[in-house]
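Trainee: Whatever this is, show me its structure:
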Amino acid sequence: MKHRALVLFAHGARDPRWAEPFQRLQRIVEEQKPDVAVSLAYLELMTPRLPELVKDLVEDGCKELTVVPVFFGQGGHVLRDLPVIIDEIRHQYPLLQITVAPAVGESLDVLNAIGRYCLGALGNG
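Mentor: Numbering: from 1, shown residues only. As a prediction, this is how the structure comes out:
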């Protein structure tokens, strides 16, 4: 039973291979923070959806939840859809402490890492 959970919240896709990088990210985070329940949840097209995952986490004893949208930017899903889902979860679980981070693409550290990757694609030429 872990009292803290980190949920990587992604869009979802019809092709299950789409989720592979997110699953690798989940494993990377789990290895670095074994005392936290690290999970993936999806907005649509894949399971688990965020409300169902949170239900399971709360039933397992979760008291603190951090949701990280693994979206490149703060588009409509992050600005409109996610707040509605979070409000519903807060209503259903009023004792659950919930934090929602900005989309990962809003982080300067993430953008710098992507920039280094892009520059590395140039090679030595």
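
Trainee: how far out from the middle of the chain is stretch 90-106?
Mentor: 10 Å (CA atoms, centre = their mean, to the nearest Å).

Trainee: Could you tell me the average pLDDT over that stretch, please?
Mentor: Averaging pLDDT along stretch 90-106 gives 96.

Trainee: right, and the helix or strand after the worst-scoring helix or strand of the chain on mean pLDDT?
Mentor: Using mean pLDDT, DSSP states H and E, helix 76 stands out as the lowest-scoring helix or strand of the chain, at a mean of 77. Moving toward the C-terminus from helix 76, the next helix or strand (DSSP states H and E) is helix 82-92.

Trainee: Restricting the selection to alpha carbons, write that next one to CSV.
Mentor: C-alpha atoms of helix 82-92 as CSV (Å, rounded to 0.1, in the frame of the first residue of the first chain):
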residue,chain,number,x,y,z
LEU,A,82,-8.6,17.5,-17.5
PRO,A,83,-10.0,20.2,-15.1
VAL,A,84,-13.5,18.7,-15.5
ILE,A,85,-12.2,15.2,-14.7
ILE,A,86,-10.2,16.5,-11.7
ASP,A,87,-13.2,18.3,-10.4
GLU,A,88,-15.3,15.2,-10.6
ILE,A,89,-12.5,13.2,-8.8
ARG,A,90,-12.3,15.9,-6.1
HIS,A,91,-16.0,15.7,-5.6
GLN,A,92,-15.9,11.9,-5.3
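
Trainee: what's the helix or strand just after that helix packed up against?
Mentor: Note on helix 82-92: by DSSP H and E, the next helix or strand toward the C-terminus is strand 97-100. Strand 97-100 makes packing contacts with strand 64-69, helix 82-92 when contacts are defined by 3 or more CB pairs under 8 Å, 6 or more residues apart in numbering; DSSP states H and E. For the C-beta atoms, the positions are set from N, CA and C on the backbone; glycine is no exception.
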